[in-house]
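[1] predicted model and sequence below, questions to follow.
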Amino acid sequence: MSVVTITKDNFEKEVLKADKPVLLDFWAAWCGPCRMVSPILDEIARENAGIKIGKINVDEQMELASAFRIMSIPTMAVVKNGKITQTTVGVRPKSEILKLLA
């Protein structure tokens, strides 16, 4: 599955009503560590059809960043059945990101 851009307009449909776990990546274009995480998430999305990966640009989606109380980026949050089950901040290797989804 490909990576989905999440906005306040599609958040409910793509995240809250998703029929599979969603890994949200809070990022910004100017963030070096965010650019390091992005190819890892692309790879996870390609290899795991049972997971949805959503990217939220904190500069463009300030309401969502505020709702999730994002203080540092990259922040990743796993949402299952509309509830946050895991969060992590900073660059993580693929193996740790996959553990969040287990």
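    Yep, that arrived.

[2] how far away is the residue nearest to Pro93 when sequence neighbours are not counted from Lys52?
    Excluding the flanking residues, the one nearest Pro93 by C-beta to C-beta, 6 or more residues apart in numbering is Ile40, at 7.5 Å. C-beta: built from backbone N, CA, C; applies to glycine. Here the criterion is C-beta to C-beta, to the nearest Å. By it, Ile40 lies 16 Å from Lys52.

[3] of those two, which one has the most company?
    Between Ile40 and Lys52, counted using other C-beta atoms under 10 Å, the more crowded position is Lys52 (22 against 17).

[4] check contacts around the more buried one.
    When contacts are counted by C-beta atoms under 8 Å, 6 or more residues apart in numbering, Lys52 is found next to 1, 4, 14, 18, 20-23, 45.

[5] can you check Glu14 too?
    Taking C-beta under 8 Å, 6+ apart as the definition of contact, the neighbours of Glu14 are 4, 6, 22, 52, 54.

[6] and the residue positioned nearest the centre of the chain, what are its phi and psi?
    For the chain, the residue sitting closest to the mean C-alpha position, by C-alpha atoms, centre = their mean, is Leu24 at 1.6 Å. Dihedral angles of Leu24 (phi, psi; degrees, to the nearest 10) stand at phi -90, psi 130.

[7] repeat for the one 3 residues further on
    Dihedral pair for Trp27: phi -150, psi 170, per degrees, to the nearest 10.

[8] now it: closest residue in space that isn't a chain neighbour?
    Taking C-beta to C-beta, 6+ apart, and ignoring the residues beside it in sequence, Trp27 has Cys34 as its nearest neighbour in space, at 3.8 Å.
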